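K.L.:
Okay, structure incoming, though there's no sequence with it:
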């Protein structure tokens, strides 16, 4: 009897079950991240145990290895008080910060086993779409029907924020910030658009269009500028047929938007909803379009000034708010508004762990995006051009990468894990 029990236990640690664990983890990632991780961890462990390919086989992975080494050295370096003389920051924060990076480097390698084919990636894309339904539902209930949370279950293991909103604040849904909700929706939107482009039954078409339209609708009411930009880019690249059909709409979009932002054409002001959603939110009274007045540009400029002093190993994770307030406000008297992060993932990594770690991660992601774009869009491969879900896959990681250059949603577990899943799938597309 004992041997039979052991055989059954072993059966649950097979690759077949690991695939199920991974799919459940992806589906629950948005709505129940804690439970999602419980399923993702065994799937990754099984994947790593059964993978025959070495992590070192791909030269690009050396970027991750060297980055991890520099991050650890940075933590050791900043553990000495002489290297960070601020009482309001603890060196332990830097070590805790590694959880956001080194385990996910390993996850990236483990995720690849479940994303080898177009069929597998399509299945995961659909799980991302249907896993987003709780966000769409909670966002609509929150913004239009004033139904607020937080909603908790399983002794707090699952929490849906759906908090009450301030005046003119965009919906947040399951997130605590409209920009995070917008980032997730812009990540999922290309998949919903790819689903609409499939030749399916009439009923399936109606459901596909309904989900896609709802994602766009909810994105608009997050009032997230980056989300609107990303959805525009997502539409162009996911629907890609040729260079002409991609570039021309983009140029027309820019030509149409910029005059409205700068000149405030009367026709847009006369439509109250358009004014609320576009002029007041997207243009923000032209402040964010002006490089001299932009709060983010000021933060980036000041952060780069700080980086000059410790560009090799950085200051340590979660140190930015301390340094920014102490040095920029108290010493240089240039603090206009308190901020907790750099609003740019590369500057954030450089401040936390040094410039080398930041550059290596930038190289890693850039090469994957470049090779993926070349494989999907440029090479004469009719199968690739017709594979809408592979185009959506590249578009999704492209827009989420782009959004990290003017905001930083990475430290939300749902966004970071999704990003590494997408990078893993893109790596497999390149190798096919």
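P.N.:
Yes, it's here. Source: prediction; values computed, not measured.
K.L.:
Show me the shaky parts of the stretch 201-350 of the chain.
P.N.:
When the per-residue scores of the stretch 201-350 of the chain are filtered using pLDDT under 70, the ranges that remain are 240-294, 326-338.
K.L.:
now the helices for it?
P.N.:
Counting by DSSP state H, counting those that start in this stretch, the stretch 201-350 of the chain has these helices, from start to end: 202-220, 225-238, 243-263, 266-269, 272-274, 295-307, 320-323, 345-353.
K.L.:
Which residues outside the helix or strand that comes right after the last one are in contact with it?
P.N.:
Remark: after helix 345-353, the chain's next helix or strand is helix 355-373, criterion DSSP states H and E. Residues outside helix 355-373 that contact it (Cβ atoms under 8 Å, 6 or more residues apart in numbering): 60, 63-64, 66-67, 70-71, 74, 307, 311-312, 314, 346-347, 349-350, 394, 397-398, 401, 423, 426-427, 429-430. For glycine as for every other residue, the C-beta is placed from the backbone atoms N, C-alpha and C.
K.L.:
change it to 7 Å
P.N.:
Helix 355-373 is touched from outside by 60, 63-64, 66-67, 70-71, 307, 311-312, 346, 349-350, 394, 398, 401, 423, 426-427, 429-430, with contacts defined as Cβ atoms under 7 Å, 6 or more residues apart in numbering.
K.L.:
Kindly report the same for stretch 158-172.
P.N.:
Taking Cβ under 7 Å, 6+ apart as the rule, stretch 158-172 contacts 32, 34-35, 138-139, 142-143, 148-152, 173-176, 178, 181, 218, 221-224.
K.L.:
Same check on stretch 204-217?
P.N.:
Contact partners of stretch 204-217, identified using Cβ under 7 Å, 6+ apart, comprise 129, 136, 185, 188, 189, 192, 193, 195, 196, 231.
K.L.:
Reformat the residues you listed into JSON lines and put secondary structure, distance to residue 390 and neighbour count next to each item.
P.N.:
Output for the contacts of stretch 204-217, formatted as JSON lines (DSSP: H, G, I helix; E, B strand; the rest coil; distance: Cβ to Cβ, whole Å; neighbours: other Cβ atoms under 10 Å):
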{"residue": "129", "secondary structure": "helix", "distance to residue 390": "16", "neighbour count": "20"}
{"residue": "136", "secondary structure": "helix", "distance to residue 390": "25", "neighbour count": "20"}
{"residue": "185", "secondary structure": "helix", "distance to residue 390": "21", "neighbour count": "28"}
{"residue": "188", "secondary structure": "helix", "distance to residue 390": "16", "neighbour count": "27"}
{"residue": "189", "secondary structure": "helix", "distance to residue 390": "16", "neighbour count": "28"}
{"residue": "192", "secondary structure": "helix", "distance to residue 390": "15", "neighbour count": "26"}
{"residue": "193", "secondary structure": "helix", "distance to residue 390": "13", "neighbour count": "25"}
{"residue": "195", "secondary structure": "helix", "distance to residue 390": "13", "neighbour count": "23"}
{"residue": "196", "secondary structure": "helix", "distance to residue 390": "16", "neighbour count": "20"}
{"residue": "231", "secondary structure": "helix", "distance to residue 390": "19", "neighbour count": "22"}
